[in-house]
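S.K.: whatever this is, show me its structure:
(2 chains, ligands or ions: 3)
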Amino acid sequence: MVPASPPIAAQSTGRGAGARRRRLKGVARRLGARIVAALVMIWAVATLTFFLVHALPGNPVQVQYETLISHGVPPAQALKETRIIYGFVSHEPVVSQYGSYLWQLIHLNLGKSISYSGVSVSHLVLSAAPWTVILVLSGVLVSFLLGVLAGAVAAVRRTSKLGDLLSVSGSLLHGIPQFVMAVLLAYVFTTLLPVFPFGAPYNITVTPGWNLGYIGSLVTHAVLPVFAYALSSYGGWMLSMKSSVVSVLGDDFVLAAELRGLKPLTQLRYVARNALLPLFTVLALSIGFMFGGSIFIEDVFDYPGLGHLLLASISARDYPLMSGTFLLITVAVILSNLLADLLYTLIDPRVRGQAS
Amino acid sequence: MRRRPSRAAHLGSGAGDTEEFEGLRVRGLTIVYGTEAGELAAVRQVDLDLQAGTITGLVGESGSGKSTLALAMLNAVPSPGRITAGSVTMSGIGDITRLRGRALREVRGGVLGYVFQASQNSLNPLKRVGAQLLDLARSHGVPQPRLILGEAQRLCERMGLDATRVLSSYQHELSGGMRQRVGIVFALVLNAKVLILDEPTTALDMLSQAAVLQVVREIHAERRLATVVITHDIAVVAEMADRVVVTYAGRIVESGATGDVLRHAAHPYTRALLRSIPRISGDISAAEPLPGRPPDLASIPTVGCVFRARCPLALPICSEVDPATVSVGPGHATACHLAAGPLAVPERTEEVAG
Ligand SMILES: Nc1ncnc2c1ncn2[C@@H]1O[C@H](COP(=O)(O)OP(=O)(O)O)[C@@H](O)[C@H]1O
Ligand code: SF4
Ligand SMILES: [Mg+2]
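M.R.: Ligands and ions are numbered 1, 2, ... in the order given. I've put the predicted structure just below:
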């Protein structure tokens, strides 16, 4: 006797709305708290950078000022130029130096580079950032897809040869540092079997724009660094996904779904969603790890991103560029953490319901 | 063996084999688990009838194979377990142990409603209850899936739940007792013919327990279900069941109408079980705990009576010969050597006199 009554379902939204509003409030509050935390963190890193540059042996700001003086620049002019480069001058009391540094920072003015004399740091950093972001995000995507698929298969087939093989692949790759992975890939695929080009993000003979030559060149140049990122993260994804799937498969609700005769596809969706959920906490870590790794990987592939810029600024003792790049990398990591956290909140109703 | 053929009986079966049977019929069911010590039987040679209109209470200590038996009714014994012999026949459908794929899936949930032991967490934590009911309806090809929500709502309300709230809730927003009731709603919402409740009251306090069982009994009667209540708590059985089936170490040792089994328990294990609970009349100090430990799979004897290690009346024959199943009254049977022959030692002297 299938119920013949009118669909009462329509009413269910009525009283459910209160709960939904409560949940949304929870999300908003959590999001707000996270944004505040992110801003505080960015401020802390900026402050740290300021005092670090300040405390560096030989005080680079002072040195810059004195160099200018010794080149015969009048003191007023020298002061002005130093302020342009660093955003502050070391003659002033530390508090007002710090104040003017933050003031410049709020206006996204990171000072001027020394090694690329006269070019503003913001310009240098912002033109390097997209290359890093593209590589890192592609690396995350590729490693996530490969790792999650392999992990799921390894979990379901954990008693078979294939499962063992996948697990071993995960543990092995997990153990290889990014730098070694990058050198290995570069050696094998540009020297031993030169199938991929090396260096700059695209071939200088093609004109940038929406043409096939340019895009193709971009892709072939990106393949190796992206895989260096991806393979160094694959193991982590694979192993986390495997253990997550194994644990979800043992959950009561999975057996219940089977005993209720749910369609195999529905059962699969139940398992997949629950198994993927904990990986979002790994996502934040993984993105941070990759931005950090950009220092090595971009160096190996001579790829002009933020990591490359940071290394270059360090070896040139270009302190304004160094602190600007460092700050931007940090901001990128903090923002991606924020994003991962937000995603997690949107997906998990248990977190959504909580107040903070 | 001094068994008289005329007294031979199917343990657990209420109706004669010749009648038109409506319900779920288990015959000769043996289920083994693969362990390091080889394949060990958790359920052995079980015959059981779950007849439409009858509530059967399946009672026994924890570890006696009740859940394994219940899962086998849905052909869902989890690996490393498997059914090695016997059949589970549903009237109008056939042997469920032979079903595969889509046919099996449709029987599960559609014909056999199962409320399992851990129904505390029987829902997908990431989906609202209502959405999961729709998944259930779609999986079973209900023509208008949304209609199922109306039916679920009525069932929820009968169970004393705020239906609208429950359907728009996630599992973590419901209490243990609410989850248990939602589990029952899921089992009934597709109009299953057989209702299997595995330890239905473990998460509930005494009051909600009584209320929920009352509603289950009403719906059972309205729909003429074949209901089986699995429990280690013989008091629940006394309250609910029309028939009682007592299991020990994977075998059925006694079965019969509830009144007969409770008043004239024929098997020493049943008597010990009854003595181990405080009488309804109250005196808790009168309860004697069951001596000894329930066997684990490896220590269940394969020859002779499985209860003999704990049986106060065991005879030499008990460790050599499997006790045959004999009738000790109308629809009342037991597997014990004492019940089978003239050696029988009656439990109470007045019964001999009377
Ligand atoms: N997956 C398994 N592997 C091995 N042995 C099991 C497994 N599941 C249950 N058993 C054993 O089977 C016996 C019966 O268990 P179960 O059916 O859960 O009993 P009950 O429901 O009566 O408590 C127990 O001895 C238990 O240890
Ligand atoms: S058969 Fe023997 S050991 Fe088993 S219950 Fe009867 S008397 Fe006890
Ligand atoms: Mg059990």
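
S.K.: around the nearest residue to B:Gly60 once chain neighbours are set aside, count how many other residues there are.
M.R.: With sequence-adjacent residues excluded and distances taken as CB to CB, 6 or more residues apart in numbering or on different chains, B:Gly60 is closest to B:Thr247, at 3.7 Å. Where C-beta positions appear, they are placed from N, C-alpha and C, glycine not excepted. Neighbour count of B:Thr247, defined by other CB atoms under 10 Å in any protein chain shown: 25.

S.K.: which is the next helix or strand following the helix or strand harbouring B:Thr247?
M.R.: For B:Thr247, the element it lies in under DSSP states H and E is strand B:243-248. Later in the chain than strand B:243-248, the nearest helix or strand by DSSP H and E is strand B:251-257.

S.K.: can you list contacts of the strand holding B:Thr247?
M.R.: Residues outside strand B:243-248 that contact it (CB atoms under 8 Å, 6 or more residues apart in numbering or on different chains) are B:11-12, B:14, B:48, B:54-61, B:64-66, B:69, B:237, B:252-258, B:261-262, B:267, B:269-270, B:273, B:306-307, B:331.

S.K.: among those, name the buried ones.
M.R.: B:11-12, B:14, B:48, B:54-61, B:64-66, B:69, B:237, B:252-258, B:261-262, B:267, B:269-270, B:273, B:306-307 (16 or more other CB atoms under 10 Å in any protein chain shown).

S.K.: on that earlier part again, what lines up beside the strand holding B:Thr247 in the sheet?
M.R.: According to DSSP bridges, strand B:243-248 forms sheet pairs with strand B:55-59 (parallel), strand B:251-257 (antiparallel).

S.K.: ok, then the element right after the last one?
M.R.: Tracing the chain past strand B:251-257, the next element assigned as helix or strand by DSSP H and E is helix B:258-263.

S.K.: which other helices and strands contact the next helix or strand after that following helix?
M.R.: Moving toward the C-terminus from helix B:258-263, the next helix or strand (DSSP H and E) is helix B:268-275. Helices and strands touching helix B:268-275, by 3 or more CB pairs under 8 Å, 6 or more residues apart in numbering or on different chains; DSSP states H and E, are strand B:243-248, strand B:251-257.

S.K.: contact partners for the closest residue to ligand 1 within the stretch 201-350 of chain B?
M.R.: Residue of the stretch 201-350 of chain B nearest ligand 1, by CB to the nearest ligand atom: B:Leu297 (4.6 Å). Going by CB under 8 Å, 6+ apart, B:Leu297 touches B:33, B:35, B:40-42.

S.K.: would you point out the most distant pair within the residues you listed?
M.R.: Largest separation among these by CB to CB: B:Thr35 and B:Ala41, giving 10.9 Å.

S.K.: compare those two (neighbour count), which wins?
M.R.: Neighbours were counted for B:Thr35 and for B:Ala41 using other CB under 10 Å; B:Ala41 has more, 20 against 14.

S.K.: three-state assignment of that one?
M.R.: strand (DSSP: H, G, I helix; E, B strand; the rest coil).

S.K.: ok, for it, nearest residue in space, not its chain neighbours?
M.R.: B:Val32 (5.1 Å).

S.K.: that neighbour and ligand 1, how far apart?
M.R.: As judged by CB to the nearest ligand atom, to the nearest Å, B:Val32 and ligand 1 stand 9 Å apart.

S.K.: for whichever helix or strand A:Leu105 is part of, buried residues please.
M.R.: Using DSSP H and E, A:Leu105 maps to helix A:94-106. Buried residues in helix A:94-106, counting neighbours by 16+ other CB under 10 Å, are found at A:97-98, A:100-102, A:104-105.

S.K.: which of those lies closest to B:Ala76?
M.R.: Comparing the buried residues of helix A:94-106 against B:Ala76 with CB to CB places A:Leu105 closest, at 62.9 Å.

S.K.: check contacts around the closest one.
M.R.: So A:Leu105 contacts A:46, A:87 (CB under 8 Å, 6+ apart).

S.K.: just the one 10 residues further on next, same as before
M.R.: By CB under 8 Å, 6+ apart, the contact set of A:Ser115 is A:312-313, A:316, A:318, A:321.

S.K.: same list (those residues) but as CSV, adding pLDDT.
M.R.: As requested, the contacts of A:Ser115 are exported to CSV (pLDDT from 0 to 100):
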residue, pLDDT
A:Ala312, 89
A:Ser313, 88
A:Ala316, 81
A:Asp318, 82
A:Leu321, 88
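
S.K.: who wins for neighbours among these?
M.R.: A:Leu321 leads the contacts of A:Ser115 on contacts (other CB under 10 Å) with 28 neighbours.

S.K.: which residue is the nearest non-sequential neighbour of that residue?
M.R.: Closest to A:Leu321 by CB to CB, 6+ apart is A:Ser313, at 3.9 Å.

S.K.: ok so the one you found is a helix residue?
M.R.: Yes - according to three-state DSSP, the state of A:Ser313 is that of a helix.

S.K.: mind checking how far it is from A:Ser113?
M.R.: Separation of A:Ser313 from A:Ser113 (CB to CB, to the nearest Å) stands at 8 Å.

S.K.: now B:Thr258
M.R.: B:Thr258 is 90 Å from A:Ser113, by CB to CB.

S.K.: now render the helices and strands packed on helix B:268-275 as CSV, adding mean pLDDT.
M.R.: Formatted as CSV, the helices and strands packed on helix B:268-275 follow (pLDDT from 0 to 100):
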stretch, mean pLDDT
strand B:243-248, 96
strand B:251-257, 96
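
S.K.: dump these into JSON lines; add distance to B:Gln209 as well.
M.R.: Formatted as JSON lines, the helices and strands packed on helix B:268-275 follow (distance: least, CB to CB, whole Å):
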{"stretch": "strand B:243-248", "distance to B:Gln209": "18"}
{"stretch": "strand B:251-257", "distance to B:Gln209": "23"}
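
S.K.: closest to A:Arg83 out of those?
M.R.: Short answer: strand B:243-248, nearest of these by CB to CB, at 87.9 Å.

S.K.: give me the angle between that closest one and helix B:268-275.
M.R.: Angle of strand B:243-248 versus helix B:268-275, following axes from the mean of the first three to the mean of the last three CA atoms, to 10 degrees, is 110 degrees.

S.K.: check whether strand B:243-248 contacts ligand 3.
M.R.: No - if you take CB under 5 Å from the ion as the test, strand B:243-248 misses ligand 3, and the best it gets is 10.6 Å.

S.K.: quick check, the residue nearest to B:Ala41 in a helix?
M.R.: No - B:Val32: not assigned to a helix; according to three-state DSSP it is strand.

S.K.: ok, it touching B:Leu40?
M.R.: Yes - contact criterion CB atoms under 8 Å: B:Val32 and B:Leu40 qualify, at 6.1 Å.

S.K.: helix or strand for B:Ala85, which one?
M.R.: strand B:81-90.
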